[in-house]
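> The sequence and its predicted three-dimensional model are supplied below.
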Amino acid sequence: MLSNTCKYAIRAVLYLALNADGNKKIGIKKISKELNLPTPFLGKILQVLAKSKILLSTKGPNGGFGLGKPSKDITLMKIIDIIDGEDNFNTCLISLHSCSTEEKNCPIHDNYAPIREQVKQLFTYENIAELVENIKSNQNRVII
């Protein structure tokens, strides 16, 4: 349902929420090494998030990235909307057209629409602070 780019963005924001200390920024090379992601690709993702104020970006020798707002104010849906957009939550599972309650464009609409709405609600209400707490309490189960 989510693109790899979006998954990388969520992982990077989680990493920063777990590891950034106050005003101290984390360099892109360290982030890419820790998350095992290509630095140039990660750099583009982080810049998009910085332009959207999810992250702060500082240039220079002590530069890097940090959270641009409190982690409790960053929902998964905000990140998804920035990276992938909300088309996954408006299109039919089979058709490329948008679905609505009145207009059903695919034969699986009645079964898929409630599930799609549940996932949308999960992403809308789940925030980075909650995920960080979950990771901290279950470190042996979670791999970012």
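Great, that's in hand.

> D84 touches K7, doesn't it?
No - assessed by CB atoms under 8 Å, D84 is found out of contact with K7, at 9.8 Å. Placement of C-beta: from N, CA and C, glycine included.

> Comparing these two, which shows the higher neighbour count?
With neighbours defined as other CB atoms under 10 Å, D84 and K7 compare such that D84 has more, 17 against 14.

> Name the nearest residue to that one, ignoring sequence neighbours.
Using CB to CB, 6 or more residues apart in numbering and skipping the chain neighbours, the partner closest in space to D84 is C6 (4.7 Å).

> what's the helix or strand harbouring that neighbour in contact with?
Take DSSP states H and E as the rule and C6 turns out to sit in helix 4-19. For helix 4-19, the external contacting residues (CB atoms under 8 Å, 6 or more residues apart in numbering) are 2, 26, 31, 34-35, 37, 41-42, 45-46, 48-49, 54-55, 65-67, 71, 74, 76, 79-80, 82-84, 128-129, 131-132, 135-136, 144.

> ok, of these, which come out buried?
Buried members of the contacts of helix 4-19, scored by 16 or more other CB atoms under 10 Å, are 2, 26, 31, 37, 42, 45-46, 48-49, 54-55, 65-67, 71, 74, 76, 79-80, 82-84, 128, 131-132, 135.

> Show me those residues that map onto helices.
Among the buried ones among the contacts of helix 4-19, the members found in helices (DSSP state H) are 31, 42, 45-46, 48-49, 76, 79-80, 82-83, 128, 131-132, 135.

> Check the residues you listed for the minimum pLDDT and say which it is.
Of all these, I135 carries the smallest pLDDT score, 89.

> From F41, how far out is that one?
According to CB to CB, to the nearest Å, I135 stands 23 Å off from F41.

> Check L122 too.
From L122 over to F41 (counting by CB to CB), the distance is 27 Å.

> Could you do Q121 as well?
30 Å.

> for R11, same thing?
Distance from R11 to F41, by CB to CB: 12 Å.

> Whichever strand or helix holds R116 relative to helix 4-19, how many degrees between them?
For R116, the element it lies in under DSSP H and E is helix 109-125. Put simply, helix 109-125 runs at 30 degrees to helix 4-19, going by axes from the mean of the first three to the mean of the last three CA atoms, to 10 degrees.
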